[in-house]
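1. Sharing a sequence plus its predicted fold:
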Amino acid sequence: MSYAVKELFYTLQGEGAQAGRAAVFLRFAGCNLWSGLERDRERGPGGCSRWCDTQFVGTNGAGGGRFTSAELLAEAVALTWPQEQSSAQRMVVCTGGEPLLQLDTPLVDAMHARGFLVAVETNGTRPVPQGIDWVCVSPKAGSELVQRTGNELKLVFPQAGFEPDRFEALGFTHFILQPMDGPDRVRNTQVALEYCLEHPQWRLGIQMHKVLGIP
Ligand SMILES: C[S@@+](CC[C@H](N)C(=O)[O-])C[C@H]1O[C@@H](n2cnc3c(N)ncnc32)[C@H](O)[C@@H]1O
Ligand SMILES: Nc1nc2[nH]cc(C(=O)O)c2c(=O)[nH]1
Ligand code: SF4
Ligand SMILES: [Mg+2]
């Protein structure tokens, strides 16, 4: 079994309730909410393709390839610290693209066997496999939300006609508004800030890695 992966890198988690924590990022190639057409980034099919901040295609000469779980784990271990060197637990953040198109139990088990806590960043359109340690769901307007529980619900804000209150009763511990990056970032940050002041169940999540200028 091999996995289509765009990149593997070591950085600080820049988003959500774990922001600031060192982690290996495993960015899978491919996404079910991505139209695949460059022109749709301008015109917009109505979904997050229009504003997605990530290059995850990996098949256009931009890097990436197919790797076995053994190859991915060897690289992840090489990127992070030796377990005996620190009491901190190693973490892999599985993202993409949409990681749940590919992440399966054998890969999760292989990561656990090497001492990694396994986190996932998902759009919530596919159920999370058993055994994931940290689940971040980021729902997208126009898609069906299947994964309705987890550790954090991280809503990119604002999305037209997609108000935060529709998620408040779902089974998450943390509710985070992440201002939509792009040409309206400053205004989006202001409206997210105001929303959090008026609805204190929500916390503001700033994409720390972009402030720091790190991957
Ligand atoms: C690139 S996505 C990959 C994981 C998964 N496909 C998802 O959408 O959750 C990683 C995170 O970045 C967020 N994101 C994507 N584009 C963004 C933007 N322009 N501004 C703020 N957050 C964005 C997503 O909502 C998600 O939480
Ligand atoms: N530093 C850093 N933190 C992140 N948290 C979620 C990310 C993602 O693209 O899923 C991301 C990312 O791309 N970089
Ligand atoms: S689901 Fe995630 S990776 Fe896919 S286009 Fe939307 S934000 Fe980007
Ligand atoms: Mg990112």
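-> Happy to help now that I have it. Ligands and ions are numbered 1, 2, ... in the order given.
2. average pLDDT across the longest helix along the chain?
-> When the chain is parsed with DSSP state H, its longest helix is helix 185-198. Mean pLDDT, computed over helix 185-198, is 98.
3. Check which helices and strands it is in contact with.
-> strand 149-157, strand 171-179, strand 203-204 (3 or more C-beta pairs under 8 Å, 6 or more residues apart in numbering; DSSP states H and E). Using the backbone N, CA and C atoms, a C-beta is placed for each residue, glycine as well.
4. does any bit of the last one sit next to ligand 1?
-> No. Among the residues of strand 203-204, none lie within reach of ligand 1 under C-beta under 6 Å from any ligand atom; the closest is 12.3 Å away.
5. Strands along this protein, start to end?
-> 2-12, 22-28, 65-68, 90-95, 116-122, 134-137, 149-157, 171-179, 203-204 (DSSP state E).
6. Any chance of CSV for the ones you listed, columns mean pLDDT, mean neighbour count and distance to Ile214?
-> Below are the strands of the chain laid out as CSV (pLDDT from 0 to 100; neighbours: other C-beta atoms under 10 Å; distance: least, C-beta to C-beta, whole Å):
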stretch, mean pLDDT, mean neighbour count, distance to Ile214
strand 2-12, 96, 17, 5
strand 22-28, 98, 22, 11
strand 65-68, 95, 14, 24
strand 90-95, 98, 23, 14
strand 116-122, 98, 23, 17
strand 134-137, 99, 22, 19
strand 149-157, 98, 22, 19
strand 171-179, 98, 19, 17
strand 203-204, 98, 16, 20
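7. Can I get the ones you listed in JSON lines including distance to ligand 3?
-> Shown next, in JSON lines, are the strands of the chain (distance: least, C-beta to the nearest ligand atom, whole Å):
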{"stretch": "strand 2-12", "distance to ligand 3": "10"}
{"stretch": "strand 22-28", "distance to ligand 3": "9"}
{"stretch": "strand 65-68", "distance to ligand 3": "19"}
{"stretch": "strand 90-95", "distance to ligand 3": "8"}
{"stretch": "strand 116-122", "distance to ligand 3": "8"}
{"stretch": "strand 134-137", "distance to ligand 3": "11"}
{"stretch": "strand 149-157", "distance to ligand 3": "8"}
{"stretch": "strand 171-179", "distance to ligand 3": "11"}
{"stretch": "strand 203-204", "distance to ligand 3": "19"}
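8. Around ligand 3, which positions in the protein sit nearby?
-> Counting by C-beta under 6 Å from any ligand atom, the chain sits next to ligand 3 at 31, 33-34, 48-49, 52, 54, 56, 96-98, 123, 140.
9. nearest to ligand 2, of these?
-> Thr54 (5.1 Å; C-beta to the nearest ligand atom).
10. give me the number of residues near Ser49?
-> 19 (other C-beta atoms under 10 Å).
11. My error: substitute Leu100 in the last question.
-> Count around Leu100 with other C-beta under 10 Å applied: 24.
12. Thanks a lot, see you next time.
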